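# structure of the sequence below:
(one chain, ligands or ions: 1)
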Amino acid sequence: MNDIDEIMEKYQFGKQMLETEIDILIKEFASTHGYNPVEHVKSRIKSKKSINEKLVRKNLAITTVNIVNHLVDIIGIRIVCSFIPDVYDIVSTISQSKNIIIKERKDYIASPKKSGYSSYHLIVFVPIYLKGKVEYVPAEIQIRTVAMDFWASLDHKIQYKFEGNTIPDEVEEELYKYSRAINELDTRMMNLNELMKKYKKEF
Ligand code: 0O2
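Below is the predicted model:
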């Protein structure tokens, strides 16, 4: 096995560890609160093509050392929730896990990106057990609402369509407007959900 295959195998183990831990945390949350805040979970290992493109974007040579030292999102896991408070509940649940070490938090919900992108990101380390030794591999966890996920997926498709070319201003402006509309919708849905809790109690 060459260097890169060995590294990718470690990321594969890390992804499995993280998937299992996240699955357990969500099930525990659901059984404690009688409510599952998660709509769906998706995970992936970054493709070799995307890894190379990201290194080039960061002005780094395509080497295994640079992959290990500079890329923290080879393992990616996305947790899509129903409402904004669910996102923070899941962040708090993950923060309490002894098997996930949080290195960095980026709250793009409180402070969306210039593009309009909203999501909560955690850069974490997960342990993998190899030949009697423990090693830690990095991963990126993105936690967002269904509405934020819808916007991000449309934005991603548009970026792919323009592939490295500048996205026209009018397209960017429209997208930004939609991100604000989605944020308003998320807030309204959250308020409606709070209202429903009051009615649930009365029945
Ligand atoms: P892919 O192919 O989705 O994995 P980094 O570039 O990761 O070293 P940065 O920019 O601080 O550092 O990371 P950030 O902002 O946390 O973004 C990392 C990931 O978030 C991206 O990974 C995207 O998945 C997602 N993301 C960030 N901004 C946007 C956006 O404007 N639109 C959409 N659709 N997704 C976004 P990659 O590797 O860029 O892409």
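
# what about the closest residue in space to residue 134 that isn't next to it in sequence, how many residues nearby?
Of all residues not flanking residue 134 in the chain, residue 127 sits nearest, at 5.0 Å (Cβ to Cβ, 6 or more residues apart in numbering). All C-beta spots, glycine's among them, are computed from the backbone N, C-alpha and C. Other residues lying near residue 127 total 15 when counted by other Cβ atoms under 10 Å.

# are the helix or strand containing residue 127 and the ligand in contact anywhere?
Using DSSP states H and E, residue 127 sits within strand 120-130. Yes - Strand 120-130 reaches the ligand (Cβ under 6 Å from any ligand atom) through residue 121.

# I'd like to know which elements that strand is packed against.
Judged by 3 or more Cβ pairs under 8 Å, 6 or more residues apart in numbering; DSSP states H and E, strand 120-130 is in contact with helix 3-33, helix 84-95, strand 101-107, strand 133-145.

# just the buried residues of it, please?
For strand 120-130, a neighbour-count test (16 or more other Cβ atoms under 10 Å) marks 120, 121, 122, 123, 124, 125, 126, 128 as buried.

# tell me the strands beside it, with direction?
Strand 120-130 has the following strand partners under DSSP bridges: strand 101-107 (antiparallel), strand 133-145 (antiparallel).

# got a list of what residue 100 touches?
18, 21, 94, 124, 125, 126 (Cβ atoms under 8 Å, 6 or more residues apart in numbering).

# confirm that residue 149 sits in a strand.
No - applying DSSP: H, G, I helix; E, B strand; the rest coil, one finds residue 149 to be helix, outside a strand.

# any idea how far it is from residue 7?
Applying Cβ to Cβ, to the nearest Å, the value for residue 149 to residue 7 is 29 Å.

# among those two, which residue is more densely surrounded?
Set side by side, residue 149 and residue 7 show more neighbours around residue 149, with 21 against 16, by other Cβ under 10 Å.

# list the contacts for residue 81?
Contacts of residue 81 (Cβ under 8 Å, 6+ apart): 37, 38, 39, 87, 90, 143, 144, 145, 146.

# just the pLDDT for the nearest residue to residue 135 once chain neighbours are set aside.
Among residues not flanking residue 135 along the chain, residue 128 sits closest, at 5.4 Å (Cβ to Cβ, 6+ apart). pLDDT recorded at residue 128 is 95.

# who touches residue 128 in this structure?
Residue 128 makes contacts with 10, 13, 14, 17, 134, 135, 136, 137, as judged by Cβ under 8 Å, 6+ apart.

# hang on, the fifth one packs against residue 125?
No - with contact defined as Cβ atoms under 8 Å, residue 134 does not count as touching residue 125 (10.9 Å).
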